[in-house]
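Chemist: here is my input; please provide its structure:
(2 chains)
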Amino acid sequence: QQQVKQSPQSLIVQKGGISIINCAYENTAFDYFPWYQQFPGKGPALLIAIRPDVSEKKEGRFTISFNKSAKQFSLHIMDSQPGDSATYFCAAIPLNSGTYKYIFGTGTRLKVLA
Amino acid sequence: DTGVSQNPRHKITKRGQNVTFRCDPISEHNRLYWYRQTLGQGPEFLTYFQNEAQLEKSRLLSDRFSAERPKGSFSTLEIQRTEQGDSAMYLCASSLVVAGGHEQFFGPGTRLTVL
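Modeler: Just a heads-up that it's a prediction; the model follows:
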C-alpha cells in the first residue's frame, strides 16, 4: 500500500522559474517529512525537512510548505537552476512510534532548461 | 571520505547465484539501514540495525535475503539463489540516533543485475 503519493512524475522548468513538487500522505502518525535529492548514480541526499508543528520552512532557494489538515506537503525550488536537475523524493516517518524506516514517494524527475 | 560507502558499486550475476554486498556507515553512526530501489521508484525499506541488533525487517526481505552487522560497524546483505526480480539498486544508509537525531545519510548504492 502506497502511503506517500508524489506528483508530478516529471517536471520541466525554465531556468529562473519555480519548481513545485507535491506529496500527500495517509498515515496521521507521520511526524517528520524530509525531501531528498538524487543525481544519477548517486544515493539520495537530504535537502530539507519539516516537522508538522510548522507550516513552512525555508533554506536558501528551497522551501517546504506543510498543510497538516490536508495531509499534504510540497517542495518549492525558487530561481531553479540547471544544476537542480535531479530526481526529488519526498518521504515520511512516524518518529514517535519508535520506527525509523522512511516511507518514500515515487519520485519526481526535474529538468531545468538553461 | 567520511560518508557511507558501499561495495561493489555494480554487480552482474546469473540467476541462481549468491551475491553479497557490503556497507560501511559513517563511523560514529549507531543505526544502519538497507533499502532497495527499482527504476522509477523511491527507495523501499528492507531492514535496519541498531548497533549489531537487527530490529526490523520488511516483508520484502524474503528468506533468500540475510543481513548482518556483526560488530556494529559494517554490514553485509546477502542474497541467495538470485532471481531476475532481485535486479535493483541496493542502498545503505546510516544515522546517529541521539537526542532526537534521525537524519539518514545514504551511500551511493550497489546496482545488481541478475541475468
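
Chemist: so how far is stretch A:70-80 off the chain centroid?
Modeler: When C-alpha coordinates are averaged (CA atoms, centre = their mean, to the nearest Å), stretch A:70-80 and its chain have centres 7 Å apart.

Chemist: go on, stretch B:63-80?
Modeler: Using CA atoms, centre = their mean, the mean C-alpha position of stretch B:63-80 is found 8 Å from that of the whole chain.

Chemist: then stretch B:44-57?
Modeler: Averaging C-alpha positions (CA atoms, centre = their mean) puts stretch B:44-57 9 Å from its chain's average.

Chemist: can you tell me what sits against it?
Modeler: Identification of contacts with stretch B:44-57 by CB atoms under 8 Å, 6 or more residues apart in numbering or on different chains yields A:99-104, B:30-38, B:58, B:60-61, B:65, B:67-72, B:75, B:77, B:97. Backbone N, C-alpha and C define where each C-beta goes, glycine included.

Chemist: which residue ranges of chain A form strands?
Modeler: A:4-7, A:10-14, A:19-25, A:33-38, A:45-50, A:56-59, A:62-67, A:72-77, A:86-92, A:103-104, A:108-113 (DSSP state E).

Chemist: partners of the shortest one, with directions?
Modeler: Each strand that pairs with strand A:103-104, with its direction, by DSSP bridges: strand A:86-92 (antiparallel).

Chemist: how distant is the partner strand from the center of its chain?
Modeler: The chain centroid and the centroid of strand A:86-92 are separated by 5 Å, computed with CA atoms, centre = their mean.

Chemist: would you indicate which residues of it are buried?
Modeler: Neighbour counts using 16 or more other CB atoms under 10 Å in any protein chain shown place A:86-92 of strand A:86-92 among the buried residues.

Chemist: alpha carbons of it, as PDB, please.
Modeler: Taking C-alpha atoms only, strand A:86-92 is exported to PDB below (Å, rounded to 0.1, in the frame of the first residue of the first chain):
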ATOM      1  CA  ALA A  86      17.800  15.600 -10.500                       C
ATOM      2  CA  THR A  87      15.200  13.300  -9.000                       C
ATOM      3  CA  TYR A  88      13.400  14.500  -5.900                       C
ATOM      4  CA  PHE A  89      11.800  12.200  -3.300                       C
ATOM      5  CA  CYS A  90       9.600  13.200  -0.500                       C
ATOM      6  CA  ALA A  91       9.500  10.900   2.500                       C
ATOM      7  CA  ALA A  92       7.600  10.500   5.800                       C
END
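
Chemist: re earlier: turn the buried residues of strand A:86-92 into a markdown table, columns for distance to residue A:39.
Modeler: Supplementary listing: the buried residues of strand A:86-92 in a markdown table, determined by distance: CB to CB, whole Å:
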| residue | distance to residue A:39 |
| --- | --- |
| A:86 | 5 |
| A:87 | 8 |
| A:88 | 11 |
| A:89 | 12 |
| A:90 | 17 |
| A:91 | 17 |
| A:92 | 22 |
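
Chemist: what's the burial count for residue B:13?
Modeler: Neighbour count for residue B:13, taken as other CB atoms under 10 Å in any protein chain shown: 16.

Chemist: who are the contact partners of it?
Modeler: Contacts here follow CB under 8 Å, 6+ apart; on that basis residue B:13 touches B:19, B:82, B:112-115.
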